[in-house]
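Peer 1: Structure for this input, please:
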Amino acid sequence: MYGVPEMVVLGEHCSANERRADEATRDVTSWLKCEYMMDKIGEEFSGIISAVTSFGFFVELADIFVEGLVHISHLGQDYFHFDPVSHQLKGERTNIYYRLGDSVQVKVARVDLDEKKIDFELIQKQKTPKKSVEITAKKRRKRKKS
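Peer 2: Numbering: from 1, shown residues only. A predicted model of the protein is given here:
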């Protein structure tokens, strides 16, 4: 029979091993996605912006669920402001914006197997219907009033 102290130690040991196994699974999955994309450098894909950061945005490719970064330095000569509340980058001069959920066309620029990272270059941002932009803005205003 085990007492409470032994059970606590065993539980912590099991939890640590499970976290290590999850991390190993993520690492292998990332590496396999990079390996798959190695021969796709220069090819174009459609995708959706899945995350926006101060240094660029991540795009998840349609159908193959591979994610990569479009670095802010590859967005042209404009200065982009990051808005964490609305999850967007907005150009100071051009007013071009890149938001979470926007459809984009990207080209695979670089794949780093060691770092398990994929870099994309933006080819084109798909047009966002004006109506959906207006609806989203109205919803935000309603939330702020509440």
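
Peer 1: What are the contacting residues of stretch 67-84?
Peer 2: Residues outside stretch 67-84 that contact it (Cβ atoms under 8 Å, 6 or more residues apart in numbering) are 33, 37, 50, 52-61, 88-94, 96, 98, 104, 106, 108-109, 117-122. Bear in mind the C-beta positions are built from the backbone N, C-alpha and C, glycine included.

Peer 1: Please work out how many residues are found near Asp22.
Peer 2: 10 (other Cβ atoms under 10 Å).

Peer 1: isn't there a helix covering it?
Peer 2: Yes: Asp22: assigned to a helix according to DSSP: H, G, I helix; E, B strand; the rest coil.

Peer 1: mind listing what the spatially most central residue of the chain touches?
Peer 2: Geometric centre of the chain, nearest residue: Phe58, 3.2 Å, by Cα atoms, centre = their mean. Taking Cβ under 8 Å, 6+ apart, we find Phe58 in contact with Ile49, Ser50, Ala51, Val52, Glu67, Gly68, Leu69, Val70.

Peer 1: give me that answer again for 6 Å
Peer 2: Contacts for Phe58 (Cβ atoms under 6 Å, 6 or more residues apart in numbering) come out as Ser50, Ala51, Glu67, Leu69.

Peer 1: show me where pLDDT drops low in this protein?
Peer 2: 126-146 (pLDDT under 70).

Peer 1: which residues of the chain fall in helices?
Peer 2: For the chain, applying DSSP state H gives helices covering 4-37, 130-145.

Peer 1: packing partners for the longest one?
Peer 2: Just to be clear, that refers to helix 4-37. strand 103-112 (3 or more Cβ pairs under 6 Å, 6 or more residues apart in numbering; DSSP states H and E).

Peer 1: which parts of the strand it packs on are buried?
Peer 2: Applying a neighbour-count criterion of 16 or more other Cβ atoms under 10 Å, the buried positions in strand 103-112 are Val104, Val106, Lys107, Val108, Ala109, Val111.

Peer 1: beta partners for the fourth one?
Peer 2: Partner residues in beta bridges with Val108: Phe120, with DSSP bridges as the criterion.
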